[in-house]
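A.B. asks: Need the 3D shape of this:
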Amino acid sequence: MRNLKFLCLFLLTRLSSVLVVQTWFVPDEYWQSLEVSHRLSFGYGYLTWEWFEGIRSIIYPAVFCIPYKILAYLDLDSRQALIYVPRVIQALFSGWVEWSFMKETKSVLNGSQVSWFVLLELGNYFLYYVTSRTLANTLEMNLILLGISNFLSQCKGSFLLCVMISCYIRPTSAPIWLPFLLHLFQQEKRWIFSKTFLKVVLKCSLVLGTVLGLDSWWYGKLVLVPVQFLLFNVVNDLSQFYGEHSWHWYFTNALPSLMGPTLIPLVFTFSNKKTSNFIGSKVITVQLSALLYILCHSFVGHKEIRFLTPIIPLLNFLAAIKLQTLKWRKTFLVLFCTWNISLMWYLSVRHQRGVLDATNFIGLFVNPEDKVLYLMPCHSTPLYSHLHVNASLQFLTCPPNLQHLKHYIDEADRFYENPSKWLVDNPSWALAKYVVIFDALLDSISSHLDSNGFHLIRNFFHADMDQGRVGRRVLVFKRE
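C.D. replies: Numbering: from 1, shown residues only. Presented below is the predicted three-dimensional model:
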């Protein structure tokens, strides 16, 4: 009965985020999942350059094709349904996986520590912010937690299957599995040479062949997505085109931002000398996995805070071990609640909401014969997955320098170098019925908008501070 209550708690908390979270986070939430799903399901939609270079697996977007097709068959494929149904599915999956992980931690934690873990997990503002988002990082976290749950429950076959799937879809998860695999192979040497292990290998091979076949069908040729992904992001390091941070950024910036007050008991857990050796301690295995994951990611130039999403539950698990013995638990609880509730509200309800509000507004009026022009940093809004109309949607593109050209400048950078000149050189922009911009751009192009008959019809709050090209408000203009 207690487990059932915890399951309801996890599911309801994650489902609540579907309604509460009304803000934009990163483009990949839509462009690497729902936009592709919409293209597969309805025959129209935009595909970014990644889907021509073979560095993304079609598996995750294909999952959302199932509800999309069902909704279409029942004639229930409204804009709101297409927006919220995938998020509900992702939220339910996240909640169930986190509950499964919590349930299996009882083999390592005592009752008090499990309760602390539940508080840290459900109270973490960032997990609340992302666990209902259709991000590959959220899926990666789900697969990792599912795999570790099977590891703790001694379901070795299911554990290896989760390892294989997560490494295929997100090769970035590989470092986290190394300590677990070493632990398993040290403890289960006989099992590795058994018929049962051979059956597991055959099952994993069958699943691998299936996903490889689906990806090859999608790309129209044999494609090894994990290999292409690693070549692009690690070997060639082309991901640095989207920004770089110093090697210590995850330790000095990302972790403190993600964990807040939880970082204090977490540090104490890592410095605990009473833990037994690596082979005998599952806690040490988790510690090494989290540390190795961060270290490996630290050597890649392009870093984002969301890349640490998969290890946040592991860090909460480790922090819960020490919290039970802290003398200032009440003080910690006050700090924890203040930190997470304030950030949970601000990021989920206020910060960066304008682009979604503007998209929902346009969705009320846009018709198939209309053209919508987004003069914003590339991928600033979702497209067909939220509008669900086969209109002409144009935005500024920003693919990396795939041809290794000298002095390469993408379309978005060319536009922002001289917006007025870009509009003069591309006169077809004036054929748009709607133009969407950030207020930071208005002074540069207002004369062009006026002279071509555009007038402001809506002004949406987006953020409290200017962020370079991203302003505080989103403006929607209409041509009469």
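A.B. asks: Provide the secondary structure category for residue 191.
C.D. replies: Under DSSP: H, G, I helix; E, B strand; the rest coil, residue 191 falls in the helix class.
A.B. asks: wouldn't it be in contact with residue 198 here?
C.D. replies: No. Using C-beta atoms under 8 Å, residue 191 is not in contact with residue 198; the gap is 10.6 Å. Placement of C-beta: from N, CA and C, glycine included.
A.B. asks: and the two? which has more neighbours close in?
C.D. replies: residue 191 (14 against 11; other C-beta atoms under 10 Å).
A.B. asks: where does the stretch 201-350 of the chain dip in pLDDT?
C.D. replies: Along the stretch 201-350 of the chain, segments meeting pLDDT under 70 span 235, 237-241, 272-280.
A.B. asks: and if we set it to 90?
C.D. replies: Scanning the stretch 201-350 of the chain for pLDDT under 90 picks out 201-204, 228-247, 268-283, 299-302, 322, 324-329.
A.B. asks: In stretch 257-264, which residues are buried?
C.D. replies: Buried residues in stretch 257-264, counted by 16 or more other C-beta atoms under 10 Å: 258, 259, 260, 261, 262, 264.
A.B. asks: quick check, nearest of those residues to residue 391?
C.D. replies: Compare each of those with residue 391 using C-beta to C-beta and the shortest gap goes to residue 258, at 38.4 Å.
A.B. asks: Surely that closest one is within a helix?
C.D. replies: Yes. Residue state for residue 258 (three-state DSSP) corresponds to a helix.
A.B. asks: tell me the contacts of it?
C.D. replies: Going by C-beta atoms under 8 Å, 6 or more residues apart in numbering, residue 258 touches 124, 126, 305, 308, 312.
A.B. asks: how does it look with 10 Å?
C.D. replies: Neighbouring residues of residue 258 by C-beta atoms under 10 Å, 6 or more residues apart in numbering: 124, 125, 126, 127, 250, 305, 306, 308, 309, 311, 312, 315.
A.B. asks: which of these are buried?
C.D. replies: The buried subset of these (16+ other C-beta under 10 Å) comprises 124, 125, 126, 127, 250, 305, 306, 308, 309, 311, 312, 315.
A.B. asks: all helices of the stretch 251-400 of the chain, in order?
C.D. replies: 255-259, 263-270, 282-298, 312-323, 329-345, 354-363, 384-387 (DSSP state H, counting those that start in this stretch).
A.B. asks: Residue 451 is in contact with residue 424, isn't it?
C.D. replies: No. Using C-beta atoms under 10 Å, residue 451 makes no contact with residue 424, being 11.2 Å away.
A.B. asks: and which of the buried ones among the contacts of residue 258 is nearest residue 480?
C.D. replies: For these, the nearest to residue 480 is residue 306 (41.1 Å; C-beta to C-beta).
A.B. asks: Distance check, the closest one against residue 73.
C.D. replies: 34 Å (C-beta to C-beta, to the nearest Å).
A.B. asks: what do you get for residue 230?
C.D. replies: In terms of C-beta to C-beta, residue 230 sits 39 Å off from residue 73.
A.B. asks: Pull the distance from stretch 70-90 to the chain's centre.
C.D. replies: The chain centroid and the centroid of stretch 70-90 are separated by 20 Å under C-alpha atoms, centre = their mean, to the nearest Å.
A.B. asks: Counting neighbours, what do you get for residue 220?
C.D. replies: Neighbours around residue 220, by other C-beta under 10 Å: 7.
A.B. asks: Now for residue 114: which residues touch it?
C.D. replies: 2, 6, 102, 103, 105, 106, 108, 317, 320.
A.B. asks: Any buried residues in whatever helix or strand the second one lives in, and which?
C.D. replies: The secondary structure element spanning residue 6 is helix 2-20 (assigned by DSSP states H and E). If you call a residue buried by 16+ other C-beta under 10 Å, then helix 2-20 has these buried ones: 6, 7, 10, 11, 13, 14, 15, 17, 18.
A.B. asks: ok, and what's touching it?
C.D. replies: Here helix 2-20 makes contact (C-beta under 10 Å, 6+ apart) with 83-103, 106, 111, 114-115, 118, 121-123, 127-133, 344-345, 348-349.
A.B. asks: Over to stretch 407-427?
C.D. replies: Contacts of stretch 407-427 (C-beta under 10 Å, 6+ apart): 241, 373, 375-380, 394-402, 429-430, 437, 440-441, 443-445, 447-449, 452, 468-469.
A.B. asks: run the last query once more with 6 Å
C.D. replies: 377, 378, 396, 397, 398, 401, 429, 444, 445, 448 (C-beta atoms under 6 Å, 6 or more residues apart in numbering).
A.B. asks: Taking those residues, please make a PyMOL selection of just the buried ones.
C.D. replies: Command for PyMOL that selects the buried part of those, burial taken from 16+ other C-beta under 10 Å:
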select buried, resi 377+378+396+398+429+444+445+448
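A.B. asks: can you redo the contacts of stretch 407-427 as a markdown table with distance to residue 225 and pLDDT?
C.D. replies: Formatted as a markdown table, the contacts of stretch 407-427 follow (distance: C-beta to C-beta, whole Å; pLDDT from 0 to 100):
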| residue | distance to residue 225 | pLDDT |
| --- | --- | --- |
| 377 | 27 | 95 |
| 378 | 23 | 94 |
| 396 | 27 | 96 |
| 397 | 23 | 94 |
| 398 | 22 | 91 |
| 401 | 22 | 84 |
| 429 | 36 | 94 |
| 444 | 40 | 94 |
| 445 | 40 | 96 |
| 448 | 43 | 96 |
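A.B. asks: Could you identify the most distant pair in the contacts of stretch 407-427?
C.D. replies: 401 and 448 (29.3 Å).
A.B. asks: excluding its backbone neighbours, what's nearest residue 264?
C.D. replies: In space, and not counting its chain neighbours, residue 264 is closest to residue 332: 7.2 Å by C-beta to C-beta, 6 or more residues apart in numbering.
A.B. asks: what about that neighbour, how many residues close to it?
C.D. replies: So residue 332, with other C-beta under 10 Å, has 18 neighbours.
A.B. asks: likewise residue 29?
C.D. replies: By other C-beta under 10 Å, the residues close to residue 29 number 23.
A.B. asks: What of residue 420?
C.D. replies: Other residues close to residue 420 by other C-beta under 10 Å number 11.
A.B. asks: Next up, identify which helix or strand it is on.
C.D. replies: Residue 420 belongs to helix 419-425, assigned by DSSP H and E.
A.B. asks: immediately after that helix, which helix or strand?
C.D. replies: Next along the chain after helix 419-425, taking DSSP H and E as the criterion, comes strand 434-438.
A.B. asks: re the thing from before, show me the contacts of helix 2-20 that map onto helices.
C.D. replies: Using DSSP state H, 83-103, 111, 114-115, 118, 121-123, 127-130, 344-345 are the members of the contacts of helix 2-20 that sit in helices.
A.B. asks: Give me the spatial nearest neighbour of the residue nearest to the spatial centre of the chain, chain neighbours excluded.
C.D. replies: Centroid-nearest residue in the chain, with C-alpha atoms, centre = their mean: residue 135, separated by 3.0 Å. In this structure, residue 135 finds its nearest non-sequential neighbour in residue 29, 5.2 Å apart by C-beta to C-beta, 6+ apart.
A.B. asks: tell me the contacts of the one you found?
C.D. replies: 133, 134, 135.
A.B. asks: And residue 244, by the same measure?
C.D. replies: By C-beta under 6 Å, 6+ apart, the residues touching residue 244 are residue 301.
A.B. asks: coming back round to it: residue 212: which of the buried residues of stretch 257-264 is nearest?
C.D. replies: residue 258 (33.7 Å).
A.B. asks: mind checking how far residue 133 is from residue 93?
C.D. replies: For residue 133, the distance to residue 93 - C-beta to C-beta - is 12 Å.
A.B. asks: Right, I'll call it a day here.
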